[in-house]
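Student: below are the sequence and a predicted model; questions follow.
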There are 2 protein chains.
Amino acid sequence: MSLKFDLISVDGNARRGRVHTAHGDFETPAFMAVGTAATVKALTMEQVAATGTQVILGNTYHLMMRPGGDLVEKMGGLHKFSGWHGPILTDSGGFQVMSLSNLVKMKEEGVEFTSHIDGGIKHFMRPEDSVHIQHQLDSNITMVLDECLHLPTTRERAEKNVDMVTRWARRSKEAFIDRDGYGIFGIVQGADFKDLREKSAKALTEIGFDGYAIGGLAVGEPQSVMFDMIATTTPHLPDDKPRYLMGVGTPLDILGAVERGVDMFDCVMPTRAGRTAQAFTRHGTLNMRNARFTDDKNPIDDKCGCPACKLSRAYIHHLVKCNEILGATLLTQHNLWFYQDLMRDIRDSIEQGRFKEFKDEFIKKYIKENKDEQQ
Amino acid sequence: MSLKFDLISVDGNARRGRVHTAHGDFETPAFMAVGTAATVKALTMEQVAATGTQVILGNTYHLMMRPGGDLVEKMGGLHKFSGWHGPILTDSGGFQVMSLSNLVKMKEEGVEFTSHIDGGIKHFMRPEDSVHIQHQLDSNITMVLDECLHLPTTRERAEKNVDMVTRWARRSKEAFIDRDGYGIFGIVQGADFKDLREKSAKALTEIGFDGYAIGGLAVGEPQSVMFDMIATTTPHLPDDKPRYLMGVGTPLDILGAVERGVDMFDCVMPTRAGRTAQAFTRHGTLNMRNARFTDDKNPIDDKCGCPACKLSRAYIHHLVKCNEILGATLLTQHNLWFYQDLMRDIRDSIEQGRFKEFKDEFIKKYIKENKDEQQ
């Protein structure tokens, strides 16, 4: 397999690295902007790039429904289709099948489901199908199909799950067509059972992947459980491959996960928040709908260099109040900019051996002054 | 008064000029992008500028309702508030009062109305009030308050209207605070009565304005009537002041009006069309929702240099079908880009003394191959 990862430096368990793909490199720890349906919602790809985003995530479930894997392949792949010419990771579609579809039936062979998007046609997705669609999308990083359990769950259910997704991971790897600058990641499961997480990590490492994701977390469990599961898992993953915590998370989640050895993240939080008037700042989040911003001449965050922060909170508040599209655009770009500034600061602090110091200082400011979140 | 206008060259009745304002110049014939509520819908101001737009229009009615003249003044004016640092023209609010408000009562003193936006509070707007709000907005070009009649109307009604809006125009000019690089335009009315149009034009010229608008057209009458009224009006306006046809229009409307001596235009058409999946091209308009674009690798218009035209029709169709905000953004920017390309071509052709040739060629291509509009 041929997705190259350089581990540049470590600071405690926090890691500073670089992933090389056929469509360029990205620095880790990395935050991937979520580009569900071949668009990071409300932004042009130029606006996404301006935030410092180096890699985006495409959702295979949405893309297989609309416009379909065949169409994207015919159009020359997701990069050409969407105009994002940097690295792209795609999920397997499994998570959305289970959260967005109807009549989901898990079988050893694969997963059966229907979707309202195409009027309830019955679909059957095997691990091989997911890999094939991601190949059609020309994704730089393919994720294996897995089954993501809701927490809490029983030990019996979690054990069966680990065994099956391990078999699926093996089938996925066998189906993956190896190319230079492309890779496939396995996904560690095991619910909140430490020994099952360890078992899953070891089994996947034995199969051998270009990177390892930690799945099935940030599904409602307390942050401490999530951190425990990460700390349990990462020691059993190879040092020379990137580690990806799926669907996470808040700035504080990310800091805690980096501290425990995670390299890659994705989350809808900054982009979705941007469409619901929430702004991330170094002093916590702001609800821009709040009337106290009506005549506030300050920028959202005076440390931020994004286009929204060249304007006033009053203007952003006005746009939000009038339901103007520009409000969503500016806030989405601001939030991604904030996340990418955070990732850059994290990377710098690891290189300089002061990650913990940076983390503590960030959290102190972020929590202490976070008035909106406490309201 | 101190809004400078240079008439650079003429070709028949078509004019090539330049307006100088306190916030920079704009070339005429000019198309003003409509920035209703301190935003050109779906675009950042950087994206607006990239289209070649040099001047935008703000709607006083919307802005007085939200966020209010006092607030915009407190924030340093519309340029600073919105981040558009080029020239801004504002309408008087009169047109929207009559089309969007309830319980409208016209009186000699002004217009009384209620609006749903602020929960039905009774407002009274005198010509002096409109000028004052536009001053608060820091608009470079203030428009006088007028009353826009629906067509058809009676001669008696139209005559009364001309007399009253002339008195209002005088009051507006008296209320206008003269500053360097700022000006006020009168608005010619007279419905579709040639002698009343002439009377209105002469009366306004006698009062003396920085520019003259032609109002009360493009309100449902045939294009030939509109062209007749323009041709009747422009000979009675001074050559050394810009002329502005309000709320117009299609590319063909603009070409016909330029031919008859108009210098400035504004219309929601390119921006509104961008939010309803319509794309302007040199070969007519396209409905991007149409399934025939599903796998169309061509750009919307292969002569266009906008960001949307670096992508395929298939991608734009996909975005439209998924109701993605980016679809509205890309199409809005493309349409404005198309309009500004048209204005640039018009200006070049006038300078080169080949306006009529350019016009005929443009129309031939635009109409002949305009399949969608005929569907």
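Tutor: Structure's in. What do you need?
Student: the stretch 151-300 of chain A: helices as residue ranges?
Tutor: A:155-175, A:194-207, A:223-233, A:251-259, A:269-274 (DSSP state H, counting those that start in this stretch).
Student: mean pLDDT, mean neighbour count and distance to B:Leu151 for the ones you listed - can I get that in JSON lines?
Tutor: (Glycine included, C-beta is placed from N, CA and C.) As requested, the helices of the stretch 151-300 of chain A are exported to JSON lines (pLDDT from 0 to 100; neighbours: other CB atoms under 10 Å in any protein chain shown; distance: least, CB to CB, whole Å):
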{"stretch": "helix A:155-175", "mean pLDDT": "97", "mean neighbour count": "19", "distance to B:Leu151": "68"}
{"stretch": "helix A:194-207", "mean pLDDT": "98", "mean neighbour count": "19", "distance to B:Leu151": "74"}
{"stretch": "helix A:223-233", "mean pLDDT": "97", "mean neighbour count": "19", "distance to B:Leu151": "66"}
{"stretch": "helix A:251-259", "mean pLDDT": "98", "mean neighbour count": "22", "distance to B:Leu151": "59"}
{"stretch": "helix A:269-274", "mean pLDDT": "98", "mean neighbour count": "22", "distance to B:Leu151": "44"}
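Student: name all residues that make contact with whichever residue of the stretch 51-200 of chain A sits closest to chain B.
Tutor: With CB to the nearest CB as the measure, A:Pro67 is the residue of the stretch 51-200 of chain A nearest to chain B, at 4.7 Å. Going by CB atoms under 8 Å, 6 or more residues apart in numbering or on different chains, A:Pro67 touches A:Ala38, B:Thr294, B:Ala314, B:His318, B:Lys321.
Student: which SS class is it?
Tutor: At A:Pro67 the chain is in coil, as set by DSSP: H, G, I helix; E, B strand; the rest coil.
Student: now swap in the one 4 residues further on and tell me
Tutor: Under three-state DSSP, the three-state class of A:Leu71 is helix.
Student: just give me the neighbour total for it.
Tutor: For A:Leu71, the neighbour count with other CB atoms under 10 Å in any protein chain shown is 17.
Student: that one against B:Ala314, yeah?
Tutor: Yes. Counting by CB atoms under 8 Å, B:Ala314 is a contact partner of A:Leu71 at 7.2 Å.
Student: which residues are in contact with both of the two?
Tutor: Shared contacts of A:Leu71 and B:Ala314, defined by CB under 8 Å, 6+ apart, are found at B:Thr294, B:Asp295.
Student: circling back: now, the contacts of A:Pro67 that are in helices?
Tutor: Mapping these onto helices (DSSP state H) picks out B:Ala314, B:His318, B:Lys321.
Student: if we check chain A, which of those are in contact?
Tutor: The residues of these that also fall near chain A, by CB under 8 Å from any CB of the partner chain, are B:Ala314, B:His318, B:Lys321.
Student: of all those residues, which comes closest to chain A?
Tutor: Nearest to chain A among those is B:His318, at 4.7 Å by CB to the nearest CB.
Student: any idea how far the closest residue to the closest one other than its chain neighbours is from A:Phe81?
Tutor: Of all residues not flanking B:His318 in the chain, A:Pro67 sits nearest, at 4.7 Å (CB to CB, 6 or more residues apart in numbering or on different chains). Distance of A:Pro67 to A:Phe81, computed by CB to CB, to the nearest Å: 8 Å.
Student: can you check A:Thr250 too?
Tutor: 31 Å.
Student: with neighbour numbers in mind, choose between the two.
Tutor: A:Phe81 (24 against 17).
Student: for the more buried one, helix, strand, or coil?
Tutor: Classified using three-state DSSP, A:Phe81 is helix.
Student: what's the closest non-adjacent residue to it?
Tutor: In space, A:Phe81 is closest to A:Met75, 4.5 Å off (CB to CB, 6+ apart).
Student: got phi/psi on the one you found?
Tutor: Main-chain torsions, A:Met75, degrees, to the nearest 10: phi -80, psi 0.
Student: next: A:Asp25.
Tutor: Note on A:Asp25: its backbone torsions stand at phi -100, psi 160 [degrees, to the nearest 10].
Student: what's the answer for A:Asn102, then?
Tutor: Here A:Asn102 shows phi and psi, under degrees, to the nearest 10, equal to phi -110, psi 160.
Student: that one: what's it in contact with?
Tutor: By CB under 8 Å, 6+ apart, the residues touching A:Asn102 are A:Phe113, A:Thr114, A:Ser115, A:His116, A:Gly120.
Student: what does the helix or strand containing the first one contact?
Tutor: Secondary structure assigned from DSSP states H and E places A:Phe113 in strand A:111-114. Applying CB under 8 Å, 6+ apart, the external contacts of strand A:111-114 come out as A:94, A:97-98, A:101-105, A:120-125, A:145, A:147.
Student: got a quick PyMOL command for the buried subset of the contacts of A:Pro67?
Tutor: A single PyMOL command is used to select the members of the contacts of A:Pro67 judged buried by 16 or more other CB atoms under 10 Å in any protein chain shown:
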select buried, (chain A and resi 38) or (chain B and resi 314+318+321)
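Student: what's the closest of the contacts of A:Pro67 to B:Glu259?
Tutor: Comparing the contacts of A:Pro67 against B:Glu259 with CB to CB places B:Ala314 closest, at 37.8 Å.
Student: for the closest one, give me its contacts.
Tutor: The contact partners of B:Ala314, by CB under 8 Å, 6+ apart, come to A:Pro67, A:Leu71, A:Met75, A:Phe81, B:Phe293, B:Thr294, B:Asp295, B:Asp296, B:Lys297.
Student: quote the end-to-end distance of stretch A:260-270.
Tutor: 22 Å (CA to CA, to the nearest Å).
Student: I'd like the helices of the stretch 151-300 of chain A laid out as TSV, including distance to A:Gly183.
Tutor: As requested, the helices of the stretch 151-300 of chain A are exported to TSV (distance: least, CB to CB, whole Å):
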stretch	distance to A:Gly183
helix A:155-175	10
helix A:194-207	13
helix A:223-233	19
helix A:251-259	21
helix A:269-274	25
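Student: which one of those lies closest to B:Thr285?
Tutor: Closest to B:Thr285 of the helices of the stretch 151-300 of chain A, according to CB to CB: helix A:269-274, at 31.5 Å.
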